[in-house]
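**Q** how would this look folded up:
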Amino acid sequence: MKQLLILSGKGGTGKTTVAGAFIFLSKAKAYADCDVDAPNLHLISHWSSLPQRTDYFGMPKAQIDSDKCIGCGACLSHCRFDAIEAGTPFRVKPFACEGCGVCAAVCPAGAVSMEPTAAGELALYRDDTRVFSTAKLAMGSGTSGKLVTEVKKRMTSAAGDAELAVIDGSPGIGCPVIASISGVDMVLIVAEPSASGISDMERIVKTAETFRTKTAVCVNKADVNPAKTEEIRAFCRAKQIPFAGVIPFDAEAVKAVNSGRSIAELDCPSGRAVRNVYEKVKELLLGGETR
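**A** Sure thing, here's the model as predicted:
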């Protein structure tokens, strides 16, 4: 199974809009939303069935047994995250606790234990023809990279004989992006024609280079700033990165997204353009062309 990951250096570039269009055009039997901090691919996925939901447990967090606590304050004085609140008994601030376990180690009464804590929720949609894996990270939780890895594992294990998987990644270059890139066959970067868009695109290109992953670039809302779009083209030529095409700003695209539809479903400027980008990316991914 070939895995295509769609990324952007920053939020708001239209990454998920492009991912949704690719899923529609490829009739993908397997796809995933790895933007676990703010997943929204499900909004245009049109699933009538309910998903299989599973709690995701990240790092354990401290809990204080009020019956055993002697109020000595050892946990309070040793905590470097200000996660202990004095009182009768002492208690743990769950959003401040980093799960280091120092408090449990220094407690003379054995009142502190490290307990598994739900750090998010996994969801797997499936029917006779397709699979969609996604997740939501709980507020204040870490280990987002591990959660992304689990999202991908659930997709691949349920995908069966699917030839292509489309993965919607996170913006930026943090842990979720690192986990998303690992093991994929190609990354498509959706760039924005602005100074910040170019800067963030360059950062995600460097990140993909670290993994030696085949990479291509397309520009969304390209006609908003033609000069910056040409700057992105020039960057790709200089770096020998395949340029997959441009998508214009289109009011119909806004309407499509707001109604839960893919731009690829419409005969509009952005819909026609994304089809061309899709054909180029398919050729790069399945045709074996390298950077």
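
**Q** what about stretch 11-18, how long is it end to end?
**A** Start-to-end span of stretch 11-18 (C-alpha to C-alpha, to the nearest Å) is 13 Å.

**Q** tell me which residues in that stretch are buried?
**A** Neighbour-count burial for stretch 11-18 flags 13, 14, 15, 16, 17, 18 (criterion: 16 or more other C-beta atoms under 10 Å). In short, each C-beta sits where N, CA and C put it, glycine included.

**Q** Sticking with the residue nearest to residue 176 when sequence neighbours are not counted, tell me its helix or strand.
**A** Nearest non-adjacent residue to residue 176, counting by C-beta to C-beta, 6 or more residues apart in numbering: residue 170, 4.1 Å away. Under the criterion of DSSP states H and E, residue 170 resides in strand 164-171.

**Q** Could you list every helix and strand in contact with that strand?
**A** Applying 3 or more C-beta pairs under 8 Å, 6 or more residues apart in numbering; DSSP states H and E, one finds that strand 164-171 contacts strand 2-8, helix 15-26, strand 30-33, helix 144-158, helix 175-181.

**Q** any chance of the ones you listed in a markdown table, plus distance to residue 133 and mean pLDDT?
**A** Listed next are those as a markdown table, based on distance: least, C-beta to C-beta, whole Å; pLDDT from 0 to 100:
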| stretch | distance to residue 133 | mean pLDDT |
| --- | --- | --- |
| strand 2-8 | 12 | 96 |
| helix 15-26 | 13 | 94 |
| strand 30-33 | 4 | 96 |
| helix 144-158 | 4 | 93 |
| helix 175-181 | 12 | 92 |
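
**Q** out of these, deepest packed?
**A** Burial of those is given as mean neighbour count (mean count of other C-beta atoms under 10 Å); strand 30-33 ranks first at a mean of 28.

**Q** Quick check: what element follows that strand along the chain?
**A** Going down the chain from strand 30-33, the next helix or strand is strand 52-57, by DSSP H and E.

**Q** contact partners of that next one?
**A** Outside strand 52-57, the residues that touch it by C-beta atoms under 8 Å, 6 or more residues apart in numbering are 116-126, 135, 147, 150.

**Q** same deal with stretch 245-260?
**A** The contact list for stretch 245-260 (C-beta under 8 Å, 6+ apart) reads 14, 17-18, 43-44, 46, 218-224, 229, 262-263, 265-266, 268-271, 273-274, 276-277, 280.

**Q** 7 Å instead?
**A** 17, 43-44, 218-224, 229, 262-263, 266, 268-270, 273-274, 276-277, 280 (C-beta atoms under 7 Å, 6 or more residues apart in numbering).

**Q** How far off centre is it?
**A** Between the centre of stretch 245-260 and the centre of its host chain there is 21 Å, according to C-alpha atoms, centre = their mean, to the nearest Å.

**Q** Make 44 the first number, not 1, from now on.
**A** Sure thing, new numbering starts at 44, so read that last one as stretch 288-303.

**Q** Quick check: buried residues in that stretch?
**A** The neighbour-count check on stretch 288-303 (16+ other C-beta under 10 Å) flags 288, 289, 290, 291, 292, 293, 296, 299, 300 as buried.

**Q** do the same with stretch 221-237
**A** Neighbour counts over stretch 221-237 (16+ other C-beta under 10 Å) mark 221-224, 227-237 as buried.

**Q** same deal with stretch 254-263?
**A** Neighbour counts over stretch 254-263 (16+ other C-beta under 10 Å) mark 256, 257, 258, 259, 260, 261, 262, 263 as buried.

**Q** next one: stretch 132-152
**A** Residues of stretch 132-152 classed as buried: 133, 134, 135, 140, 142, 143, 145, 146, 147, 150 (neighbour count, 16+ other C-beta under 10 Å).

**Q** before we move on, back to that, could you pick out which of the buried residues of stretch 288-303 are located in strands?
**A** 288, 289, 290 (DSSP state E).

**Q** how much space between the last one and residue 214?
**A** Plainly put, residue 290 is 17 Å away from residue 214 if you go by C-beta to C-beta, to the nearest Å.

**Q** Tell me the buried residues within the contacts of stretch 288-303.
**A** Neighbour counting by 16+ other C-beta under 10 Å classes 60, 87, 261-265, 272, 305-306, 309, 311-313, 316-317, 320, 323 among those as buried.

**Q** In helices only, show me those residues.
**A** Judged by DSSP state H, the buried ones among the contacts of stretch 288-303 include 60, 272, 312, 313, 316, 317, 320, 323 as members of helices.

**Q** Fine by me, thanks again.
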